[in-house]
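In: Next comes the sequence, and after it the predicted model I'd like to discuss.
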Amino acid sequence: MKLVSQTITVKIKLLPTKEQASILNVMSKEYIAVVNSLISEMVTEKKSTRKTTKDVPGNLPSTVKNQAIKDAKSVFSTKIKKSKYTIVPVLQKPVCVWNNQNYSFDSTHIHLPLMINGKVKKVPIRALLTDKHNRNLDLLTHKLGTLRITKKSNKWIAQISVTIQTHENTGTKIMGVDLGLKVPAVVVTDDGKTRFFGNGRQNKYVKRAFKSKRRKLGKLKKLNAIVHLDDKEQRYMKDQDHKVSRAIVNFARDHHISVIRLEQLANIRQTARTSRKNEKNLHSWSFYRLSQFIEYKAKLMGIKVEYVNPAYTSQTCPKCSEKNKTSGRKYKCKCGFETHRDRVGAMNIRYAPVVGGNSQSA
């Protein structure tokens, strides 16, 4: 096994006071304005800026200005110069960034230098750093990078870059993973071991229950209650994805899997099997989130993740390569091969063409 670095992003919900939220709002807009101004100057001069924090106007701490200069230089070199000035992005989403030497945290707060009345002051902002699984605190014990704060749907989120050293498994055992609705995930190893994960029926029952409650609250015009209910549903579904992804990666570890293969998700909503009763569930189901959870958890264990072309994976016979459509839960082929139809998808994903061509040999 060789030692490799994996970089992931840990997302933490912030609970700032009204005064802190106002300061973060002003600083985020100021930060993005500084970045855009520097980019504009570099495009005009067609060279990277040599400005320092003393040369950059703006009501921001010098450490934050320095990070804005780095971000502007990065956009200029990686996007604008490479496109030969045909692409000149204007950043619009407010954000503010601190490097890893300028923030700290404990179990309940993140401490940040903020601009208060024209002066820099390190302020503790309440943060939900722990959850029932202590995922965030475990990850934050590794090497920390930049901290980005953004606002999404009136919620403040801190995104911390974390670099983790892991031992990459250099073996050749491959496992295919098929994602779906009735069965959230089916996995098949290259020696035929199979496992079904999650409970699609239970998930759909829970979603129907939330939908019924929203309908009743809508008739009563309790909009705030609907928003809180939506948040509760999302937390439930996210927790289910965490549990399923953890179980899948643990299964891969226990069976000495070196490579997990997943479907490329660009067209999964069009290619996934659907029906009239599943249609609404299908378009609100977070296939992407589950695959991302599987990927980052696998990387933490040194297991490689590859994405494959999902075309015909659920129709092709793994034994004779004949294409067959199924009407029930059983897959039957003229050659005599018969199995659960979701298992067929996972079997074919094991050896389907890898997107980008960088595949592990089978």
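Out: Looks like it arrived, so ask away.
In: for the protein, what spans make up the helices?
Out: 18-45, 62-75, 135-139, 200-219, 223-254, 268-271, 279-284, 287-300, 341-349 (DSSP state H).
In: between the second one and helix 18-45, how big is the angle?
Out: Angular relation of helix 62-75 and helix 18-45 on a 0 to 180 degree scale: 40 degrees, by axes from the mean of the first three to the mean of the last three C-alpha atoms, to 10 degrees.
In: Just to check, residue 125 is in contact with residue 21?
Out: No: assessed by C-beta atoms under 8 Å, residue 125 is found out of contact with residue 21, at 9.3 Å. The C-beta positions use only the backbone N, C-alpha and C, and glycine is treated the same way.
In: neighbour count winner among these two?
Out: Neighbours were counted for residue 125 and for residue 21 using other C-beta atoms under 10 Å; residue 125 has more, 22 against 16.
In: Just list whatever residues bridge to that one.
Out: Note on residue 125: beta-bridge partners by DSSP bridges are residue 110.
In: Identify the residues contacting it.
Out: The contact partners of residue 125, taken as C-beta atoms under 8 Å, 6 or more residues apart in numbering, are 14-16, 20, 109-112.
In: One more pass at 6 Å, please.
Out: Taking C-beta atoms under 6 Å, 6 or more residues apart in numbering, we find residue 125 in contact with 14, 16, 20, 110.
In: can I get the residues you listed in a markdown table with neighbour count and distance to residue 329?
Out: Formatted as a markdown table, these follow (neighbours: other C-beta atoms under 10 Å; distance: C-beta to C-beta, whole Å):
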| residue | neighbour count | distance to residue 329 |
| --- | --- | --- |
| 14 | 22 | 45 |
| 16 | 20 | 50 |
| 20 | 19 | 53 |
| 110 | 22 | 48 |
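In: Tell me which two of these sit farthest apart.
Out: 20 and 110 (10.9 Å; C-beta to C-beta).
In: Tell me which residue lies nearest the centroid of this structure.
Out: residue 292 (4.9 Å; C-alpha atoms, centre = their mean).
In: how near is that residue to residue 316?
Out: Separation of residue 292 from residue 316 (C-beta to C-beta, to the nearest Å) stands at 26 Å.
In: Local confidence estimate at the nearest residue to residue 7 once chain neighbours are set aside?
Out: Leaving aside its sequence neighbours, residue 7 sits nearest to residue 163 (C-beta to C-beta, 6 or more residues apart in numbering; 4.9 Å). pLDDT, residue 163: 89.
In: what bridges to residue 163?
Out: Taking DSSP bridges, one finds residue 7, residue 143 as the beta-bridge partners of residue 163.
In: for the one 4 residues further on, same thing?
Out: Partner residues in beta bridges with residue 167, using DSSP bridges, are residue 3.
In: and the helices of the chain as TSV, adding mean pLDDT?
Out: Shown next, in TSV, are these (pLDDT from 0 to 100):
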stretch	mean pLDDT
helix 18-45	95
helix 62-75	94
helix 135-139	73
helix 200-219	90
helix 223-254	91
helix 268-271	49
helix 279-284	48
helix 287-300	89
helix 341-349	91
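In: Deepest in the core, which of those helices is it.
Out: Highest mean neighbour count among these (mean count of other C-beta atoms under 10 Å): helix 341-349, with a mean of 25.
In: what packs against that one?
Out: strand 174-179, strand 185-189 (3 or more C-beta pairs under 6 Å, 6 or more residues apart in numbering; DSSP states H and E).
In: out of those strands, nearest to residue 97?
Out: That would be strand 174-179 among the helices and strands packed on helix 341-349, by C-beta to C-beta, at 33.6 Å.
In: Strand partners (parallel or antiparallel) of that closest one?
Out: Strand 174-179 sits in its sheet next to strand 185-189 (antiparallel), strand 259-263 (parallel), going by DSSP bridges.
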